[in-house]
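Engineer: Kindly generate the corresponding structure for this input.
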Amino acid sequence: MATGSSPQPRPWAAALSALALAVSLAIYQRSVLANPLSVAQGHWQAIATENTTDTLASYDSDAVLEWRQGSNPGRYSGGAISLAWQSFFADYQISGYQVVSQEAHERTVKATLLFTLQDIQGQSSVLPVTCTLQLDNNGRIQRETWSLIDRTQLPATGA
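Structural biologist: Predicted structure coming up:
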C-alpha cells in the first residue's frame, strides 16, 4: 500500500450496517410497543368493572366500535363510543367475565368471552361474545367488533 492512500470503500459495508440497524430497530420496536393481548385484557377488565374512562382510554381517536347484535347494535365512532358503553353499563351490571379463548396475530386479537350480567330486575345471565380488536402501531384500538354467539358453539372448556 502506498503511503498516503486511503482504504478502498467496501460497497457491502453500508448495506450490512443498514441491515443491522433495521434488525435492531425491529427488535426494539417489539420490546417497546404494547403487547396486543395485554391491551385487550386491560380493555376487557375495564369493561368488566364498568369503568367508562378506562374503557375509552384504549381507543384511538378515529376508532370504530361495532356491536353486531344485542341491546345496542350498530356502528359507533367518536363520542358515540362513550354513549354506547354508557348505555350498555346502564342496562347491565357486570359481575365478572371469563376469557374462553384468545389469539393474537400481528396487531389483531380475537377472543371468545363470557360476561356474567345482572339486569335491572336482578336476573343473572351469561353473555357469550366474540370480540375482535384491531390495534394501531401504538397499541390503541382502531376497530372493535362484538358479536353475540350461540352457547352451543362454545368450546367444551367453556362455562
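Engineer: Quick check: what element follows the worst-scoring helix or strand of the chain on mean pLDDT along the chain?
Structural biologist: Of all helical and strand segments in the chain, the minimum by mean pLDDT, DSSP states H and E falls on helix 11-32, at a mean of 58. Sequence order places helix 36-48 as the next helix or strand after helix 11-32, per DSSP states H and E.
Engineer: Pull out the buried positions in that next one.
Structural biologist: Under the neighbour-count criterion of 16 or more other C-beta atoms under 10 Å, helix 36-48 has Pro36, Val39, Ala40, Gly42, His43, Trp44, Ala46, Ile47, Ala48 buried. Using the backbone N, CA and C atoms, a C-beta is placed for each residue, glycine as well.
Engineer: Give me the contact list for it.
Structural biologist: Contacts with helix 36-48, where a contact means C-beta atoms under 8 Å, 6 or more residues apart in numbering, come from 54-55, 57-58, 85, 94, 96-97, 99, 102, 104, 106-109, 111, 113, 115, 131, 133, 135, 139-141.
Engineer: Near the nearest residue to Asp91 once chain neighbours are set aside, how many other residues are there?
Structural biologist: Excluding its sequence neighbours, the residue lying closest to Asp91 (C-beta to C-beta, 6 or more residues apart in numbering) is Ser71, at 5.3 Å. Around Ser71 there are 12 other residues, counting by other C-beta atoms under 10 Å.
Engineer: one step back: and the buried residues of helix 36-48, which is closest to Ala90?
Structural biologist: Taking C-beta to C-beta as the measure, Ala90 lies nearest Ile47 of these, at 13.7 Å.
Engineer: any idea how far that closest one is from Glu103?
Structural biologist: 19 Å (C-beta to C-beta, to the nearest Å).
Engineer: And the helices in this structure, which stretches?
Structural biologist: Secondary structure of the chain (DSSP state H): helices at 11-32, 36-48, 52-57, 79-91.
Engineer: Need the CA coordinates for the last one. PDB is fine.
Structural biologist: In this case it means helix 79-91. What follows is helix 79-91, C-alpha atoms only, in PDB (Å, rounded to 0.1, in the frame of the first residue of the first chain):
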ATOM      1  CA  GLY A  79     -68.200  10.400  21.200                       C
ATOM      2  CA  ALA A  80     -70.800   7.800  20.200                       C
ATOM      3  CA  ILE A  81     -68.500   5.100  21.500                       C
ATOM      4  CA  SER A  82     -68.800   6.600  25.000                       C
ATOM      5  CA  LEU A  83     -72.500   6.700  24.700                       C
ATOM      6  CA  ALA A  84     -72.700   3.100  23.600                       C
ATOM      7  CA  TRP A  85     -70.700   1.900  26.600                       C
ATOM      8  CA  GLN A  86     -72.700   4.100  29.000                       C
ATOM      9  CA  SER A  87     -75.900   2.700  27.600                       C
ATOM     10  CA  PHE A  88     -74.600  -0.900  28.000                       C
ATOM     11  CA  PHE A  89     -73.400  -0.200  31.500                       C
ATOM     12  CA  ALA A  90     -76.800   1.300  32.400                       C
ATOM     13  CA  ASP A  91     -78.600  -1.800  31.000                       C
END
